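Undergrad: Predicted model and sequence follow; I will ask about them next.
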Amino acid sequence: MVTCNSLDLTEGLLGKEVPKTSNKVRWKDGHTSILPAVYDQYQINVCNSVDIPMINYLAESSSSTPASNYVLHLTNNDLGSDEILDRVEGALGNNRPVVIRGVEHQPPAGEFTPDYLDKHFGISPNRAVYIHDVEARAADHVNVTKPGTIASFFASIMDPRKIQCILDLPLAHTTLPQSLKHLDHGLLYGWNETLYDVPATSNVHPENFTVKGWGLLHQAGYLTYPHHDAEGTLTWVRMEFGLKFWTVFRLKAQYDDRIHIQEVVCRLGNLTEHEAWAREHCDAEVITLTRGDILIMPPGLPHAVYTPVKTFATGGHAYNFCCLHLSELARYIDATTGDCTTNQKLEHALETLRRMLIAVPRLSPRIRLFKRPLLSLCIMATQGQQYRAKGGSKHGVADRETAKPSADIAAAIFKHLGVSKRMPASTILYEGNQFVAGDEISRDHLARVLKRFTAL
């Protein structure tokens, strides 16, 4: 079995978990990994045309280090700081991902088996799952899964003829470290603190809660193509076993041009055809994640992931008041091009966002609010239909008991922020750098504007 302490990630794989003739690639951080190989009935490697060129592109990209101007690098020691949440939110609000190295790890290292997942993460070997298959994806990019169980996945994890993964393992009980557990404002304030003012009388989609935690299970050699995550959520991931090369993309310029931003995201989704264009307009940075590392990505951040060894990771999605302008931008793109940008469709966004807005009048004064994210929240809450992802369910944007109270609060905030018929909210939002949070809002002034919404 390969150990991720070695720079040679091919040790113990060739001829056992991957074909003996698999080619190799060297990454900028010094690691050497296999290139994927799955052969069809004609003995042609189905990874030759898309996966391998893309992995070679990623391997040539710069390796993220603590000196990075784009990725904020922290360590486990930083988690004990009183300012850790402010530092993380500040980075995310300005479109910077955060990596935290060497986080204290509870499950002991051991043999990677179904029993390991069952004992340490409560994942039954009999759990029914959808298994993504590389050979199926090469033949038909729409129908890429087949039904199976955790046990059946592990039964073929040592089969060098296959490359598979499981992307949707709900683990609602998994959480961030204690000092970061308040990062999820959608749950913490949106749902916890609004049920007095607006009781939940309609059916609530379970994805409002199941997306808070999940697992990712991969066989060696799986490439996740460039995309951004659905519904404008921020995403966190913690490596539990194995290693991933997590590549994040950022624009080189034109941060104020929404059309250009959308074009970049869409072209990255077909990187092999637009590689030269991507090199001209984007920078790519590879974050190598090993056991105990945590990565937190801002909403809408394009990324691609190569998993060179069998790997298990946990993670979750969340909304945070500091980066809702990035949520709005991602959902704006999804509404027209969602079929080529996101990795899956979700139906939980609108109710959570509306409840976050309803929470604002009673929101803790400790929470800092900024103009662009707050304006974005009001726009998303009042224009639910316009933000329905392409191909998404109409049920997910239906008006429920949260529609009117959130609209009333939004109207008051719009007026406070200078929105008028002559100056629409979108005009204000679309001006300037789309990736920064903007000016901080006086909570005292906002409290006076929203006082009438706090009557008991």
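TA: Nice, thanks for sending it over.
Undergrad: Now for the closest residue to Lys162 other than its chain neighbours: which residues touch it?
TA: Excluding its sequence neighbours, the residue lying closest to Lys162 (Cβ to Cβ, 6 or more residues apart in numbering) is Ser156, at 5.3 Å. (C-beta placed from N, C-alpha, C; glycine too.) Taking Cβ atoms under 8 Å, 6 or more residues apart in numbering, we find Ser156 in contact with Lys162, Gln164, Gln219.
Undergrad: likewise Thr201?
TA: For Thr201, the contacting residues are Arg400, Glu401, by Cβ under 8 Å, 6+ apart.
Undergrad: go on, Asn23?
TA: Counting by Cβ under 8 Å, 6+ apart, Asn23 touches Ile34, Leu35, Ala37, Ile52.
Undergrad: hang on, the earlier thing: quick one: pLDDT of the residue nearest to Lys162?
TA: Looking at Ser156, its pLDDT reads 92.
Undergrad: so how far is Asp78 from the closest residue to Ala318 other than its chain neighbours?
TA: Setting aside the residues directly before and after it, Ala318 is nearest to Asp184 in space (Cβ to Cβ, 6+ apart), at 3.8 Å. Distance from Asp184 to Asp78, counting by Cβ to Cβ, to the nearest Å: 19 Å.
Undergrad: what do you get for Tyr130?
TA: Note on Tyr130: its distance to Asp78, by Cβ to Cβ, is 37 Å.
Undergrad: For these two, indicate the residue with more neighbours.
TA: Shown here are Tyr130 and Asp78; by other Cβ atoms under 10 Å, Asp78 has more neighbours (18 against 14).
Undergrad: The nearest residue to the more buried one once chain neighbours are set aside - how many residues pack around it?
TA: In space, Asp78 comes closest to Ile84 once its chain neighbours are excluded; the distance is 5.8 Å by Cβ to Cβ, 6+ apart. Per other Cβ under 10 Å, the neighbour tally for Ile84 reads 17.
Undergrad: wait, isn't Ile84 in contact with Ser179?
TA: Yes: checked against Cβ atoms under 8 Å, the pair Ile84 and Ser179 is within contact range at 5.1 Å.
Undergrad: picking up where we left off before, now, which of the contacts of Ser156 sits nearest Arg400?
TA: Nearest to Arg400 among the contacts of Ser156 is Gln164, at 38.5 Å by Cβ to Cβ.
Undergrad: Could you pull up the residues touching the closest one?
TA: By Cβ under 8 Å, 6+ apart, the residues touching Gln164 are Ile131, His132, Asp133, Val134, Phe153, Ser156, Ile157, Gln219, Tyr222.
Undergrad: partners of it in the sheet?
TA: Counting by DSSP bridges, Gln164 is bridged to Asp133.
Undergrad: now it: how far from Gln385?
TA: For Gln164, the distance to Gln385 (Cβ to Cβ) stands at 37 Å.
Undergrad: What of Asp40?
TA: For Asp40, the distance to Gln385 equals 44 Å [Cβ to Cβ].
Undergrad: now the stretch 51-200 of the chain, which segments are flagged as low pLDDT?
TA: Filtered on pLDDT under 70, the stretch 51-200 of the chain yields the residue ranges 106-109.
Undergrad: and if you look at the stretch 351-456 of the chain?
TA: Within the stretch 351-456 of the chain, no stretch has pLDDT under 70.
Undergrad: For it, just list every one of the helices.
TA: Using DSSP state H, counting those that start in this stretch, the helices of the stretch 351-456 of the chain run over residues 371-382, 403-416, 425-429, 443-449.
Undergrad: Report the secondary structure element holding the residue at minimal distance from the centre of the chain.
TA: By Cα atoms, centre = their mean, the chain has its centre lying nearest to Thr235, at 3.4 Å. Assessed by DSSP states H and E, Thr235 sits inside strand 234-241.
Undergrad: Can you give the distance of that strand from its chain's centre?
TA: Centre-to-centre, strand 234-241 and its host chain are 9 Å apart (Cα atoms, centre = their mean, to the nearest Å).
Undergrad: Indicate each strand paired with the helix or strand just after it and its parallel or antiparallel sense.
TA: The helix or strand immediately downstream of strand 234-241 is strand 243-251, counting by DSSP H and E. Sheet neighbours of strand 243-251, with direction, are listed as strand 282-290 (antiparallel), strand 303-307 (antiparallel) (DSSP bridges).
Undergrad: Would you mind saying which of those lies nearest Phe453?
TA: Nearest of those to Phe453, taken as Cβ to Cβ: strand 303-307 at 38.0 Å.
Undergrad: Near the nearest residue to Arg388 once chain neighbours are set aside, how many other residues are there?
TA: Excluding its sequence neighbours, the residue lying closest to Arg388 (Cβ to Cβ, 6+ apart) is Val397, at 4.6 Å. If you count neighbours by other Cβ under 10 Å, Val397 ends up with 18.
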